[in-house]
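Novice: only geometry, no sequence info:
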């Protein structure tokens, strides 16, 4: 099964040198499940020929905000709508989660409560919990028509969403291991964007267990069966 990875951004240089870029992280997350991958640098305006160029699509994270004025955002939103209309399964992670919601009529904003960095636990709608790495301030604050909430926590109400059998999106980063979070902390420390306390806590939590394999299974299952659950 061919999965097209739409790179809406790239990992910071120090992280990329040591851990690979987002496409490498997703390849590791979904490896061994019968997928092949094509990569499109949509941030730099490299777009697929159409929704049928792959059997499934995955929109990555990005340093950009979905609501910002960048050349790649309008055509990416249109491609998302085309994929939804074509019925090709679509997955979004972090920025991908946000831009899919925005493209379909939802609203994304910078959250007044600040940043979520490092390991976070989310409540599933069935009563369970899942632990994943996060690195974001923007959030989906209003759901588009047809979206169903699958997970949330006190910081992020719309943490995992499903759009019937068309799309499955996650605000957190299942592709980020604790080692990758540690690399992000080292790369971003001292930039003035994050408090030292937040960075220290993210570093302390990095060795704790994560449910990345479970989310990898959920994404793979959605691509193959179009059933979205965690």
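Specialist: Yep, that arrived. The model shown is predicted, which means the values in this text are computed figures rather than measured ones.
Novice: got the phi/psi numbers for residue 220?
Specialist: Taking degrees, to the nearest 10, you get phi -60, psi -40 for the backbone angles of residue 220.
Novice: ok, and the closest non-adjacent residue to it?
Specialist: Closest residue in space to residue 220, ignoring its immediate chain neighbours: residue 33 at 4.4 Å, by C-beta to C-beta, 6 or more residues apart in numbering. (Glycine included, C-beta is placed from N, CA and C.)
Novice: buried ones in the helix or strand where residue 204 lies?
Specialist: Using DSSP states H and E, residue 204 sits within helix 196-205. By neighbour count, with 16 or more other C-beta atoms under 10 Å as the criterion, the buried positions of helix 196-205 are 198, 199, 202, 203, 205.
Novice: then stretch 208-222?
Specialist: Along stretch 208-222, the positions that meet the burial threshold by neighbour count (16+ other C-beta under 10 Å) are 210, 211, 212, 215, 216, 217, 218, 219, 220, 221, 222.
Novice: same question for stretch 174-182.
Specialist: The neighbour-count criterion (16+ other C-beta under 10 Å) identifies 174, 175, 176, 177, 178, 180, 181, 182 as the buried residues of stretch 174-182.
Novice: quick one, phi psi at the most centrally placed residue in the chain?
Specialist: The chain has residue 93 as the residue nearest its centroid, 1.1 Å off, counting by C-alpha atoms, centre = their mean. Backbone dihedrals for residue 93, given as degrees, to the nearest 10, come out at phi -120, psi 130.
Novice: before we move on, what about residue 104?
Specialist: Main-chain torsions, residue 104, degrees, to the nearest 10: phi -100, psi 10.
Novice: which non-adjacent residue is nearest it?
Specialist: In space, residue 104 comes closest to residue 144 once its chain neighbours are excluded; the distance is 3.9 Å by C-beta to C-beta, 6+ apart.
Novice: show me what contacts the one you found?
Specialist: Counting by C-beta atoms under 8 Å, 6 or more residues apart in numbering, residue 144 makes contact with 101, 104, 105, 106, 163.
Novice: the fourth one touches residue 142, doesn't it?
Specialist: Translated: residue 106. Yes: with contacts counted by C-beta atoms under 8 Å, residue 106 reaches residue 142, the gap being 5.4 Å.
Novice: neighbour count: the two, which is higher?
Specialist: The neighbour count for residue 106 versus residue 142, taken as other C-beta atoms under 10 Å, is higher for residue 106 (21 against 13).
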